[in-house]
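Undergrad: Build me a structure from this.
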Amino acid sequence: MEKYKEIERSIIKKYRKEIWSKFVKAVQIYELIEENDNIMVCISGGKDSFLMAKCIEELQKHGKFPFNVHYVVMDPGYNDYNRDFILDNAKILNLPIEMFQSDIFDVVERAGGDSPCYLCARMRRGYLYSKAQELGCNKIALGHHFDDVIETTLLSMFYGSEMKTMMPKLHSDHFEGIELIRPLYLVKEQDIIAWRNSNELTFINCACRFTEGCSLINDGTSKRKEIKELIKKLKKINPNIDNNIFKSLDNVNLNCVLGVKEDGIYHSFLEKY
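TA: Residues are numbered from 1 along each chain as shown. From the prediction side, this is the model:
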């Protein structure tokens with residue numbers, strides 16, 4: 001059996017409970033993929049986006065309704081090693097990717113400043129939405145997973161003084177008719193890692209020009225990494241802590257919060273007291 005077929009089989013067989021079932025559940029309960037959708041699947045080169053692409057490919061082949069898919073890689077200025085690494089993995093996984101160029105790294109480098117990640121992220125999003133519009137897509141799929149949701153929630157609380165999370169889908173504010181979806185929303189990172197290791201796959205972790213040294217490892221300097229380590233410690237005390245945090249986001253008691261924002265407008269509990 002060809003390697004890519006073994007990889008596909010592992011998703012729906014060996015990791016059916018941990019990955020495939022949770023992927024399908026998220027697609028169904030959050031209504032992420034619907035009949036006749038035209039979806040641009042964004043592949044960064046990491047384990048998460050490549051797994052998402054294979055799950056969506058499987059759903060397209062064997063799902064109950066038709067939809068169209070474009071597998072897209074945006075090259076913001078990768079070095080040759082990382083670019084070739086992504087292309088080689090696409091061949092191993094038998095994914096028909098389209099890679100398009102951008103000058104994001106050059107622009108961010110010229111801009112300077114202490115926070116290149118913020119500018120880079122904003123520019124990436126703009127390029128991706130423009131590409132989706134060019135392809136006539138109504139949805140953009142990103143590879144964020146369950147752990148990203150939990151970490152984002154705690155980051156917002158600890159460093160943003162705000163209670164909010166990463167949503168399974170949202171409408172674009174600037175590109176009418178395009179939605180962003182996250183099909184791996186319920187899939188845990190530990191299971192993605194297990195799938196990767198089981199299939200003896202290697203993916204880039206960080207291909208940023210400004211942190212070339214972390215191409216295959218995590219440098220451990222970010223706030224997200226800090227939160228990830230905190231959750232790991234808390235799970236030793238309460239193994240279900242991440243699931244409880246996630247459930248709390250779907251179980252907010254508005255009678256017991258001081259205030260909420262809706263469409264940017266703040267409402268105090270005193271308004272209905």
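
Undergrad: From here on, just use CA atoms for contacts and neighbour counts.
TA: OK.

Undergrad: what's the helix or strand bottoming out on mean pLDDT in the chain packed up against?
TA: Ranked by mean pLDDT, DSSP states H and E, the weakest helix or strand in the chain is helix 104-111, scoring a mean of 76. In terms of contact count using 3 or more C-alpha pairs under 8 Å, 6 or more residues apart in numbering; DSSP states H and E, helix 104-111 is assigned the packing partners helix 116-135.

Undergrad: Direction included, what does the helix or strand following the helix it packs on pair up with?
TA: Beyond helix 116-135 on the C-terminal side, the first helix or strand identified by DSSP states H and E is strand 139-141. Paired neighbours of strand 139-141 in the sheet (DSSP bridges): strand 38-42 (parallel), strand 179-181 (parallel).

Undergrad: taking the ones you listed together, which one is wrapped up most tightly?
TA: Using mean count of other C-alpha atoms under 10 Å, the stretch among the strands paired with strand 139-141 with the greatest mean number of neighbours is strand 38-42 (a mean of 24).

Undergrad: Tell me the first helix or strand C-terminal of that strand.
TA: Scanning the chain past strand 38-42 towards its C-terminal end, the next helix or strand to appear is helix 47-62 (assignment: DSSP H and E).

Undergrad: what angle do that next one and strand 38-42 make?
TA: Direction vectors for helix 47-62 and strand 38-42, defined by axes from the mean of the first three to the mean of the last three C-alpha atoms, to 10 degrees, enclose an angle of 150 degrees.

Undergrad: what's the offset of helix 47-62 from the middle of its chain?
TA: In this view, helix 47-62 has its centroid 13 Å away from the chain centroid, taken as C-alpha atoms, centre = their mean, to the nearest Å.

Undergrad: Now it: buried residues?
TA: Residues of helix 47-62 classed as buried: 47-60 (neighbour count, 16 or more other C-alpha atoms under 10 Å).

Undergrad: Give me the buried positions along the host helix or strand of Asn243.
TA: The secondary structure element spanning Asn243 is helix 241-249 (assigned by DSSP H and E). Of the residues in helix 241-249, those buried by neighbour count under the rule 16+ other C-alpha under 10 Å are 241-242, 245-246.

Undergrad: Let me have these in TSV, adding distance to Phe158 as columns.
TA: As requested, those are arranged in TSV below (distance: C-alpha to C-alpha, whole Å):
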residue	distance to Phe158
Ile241	17
Asp242	16
Ile245	14
Phe246	16
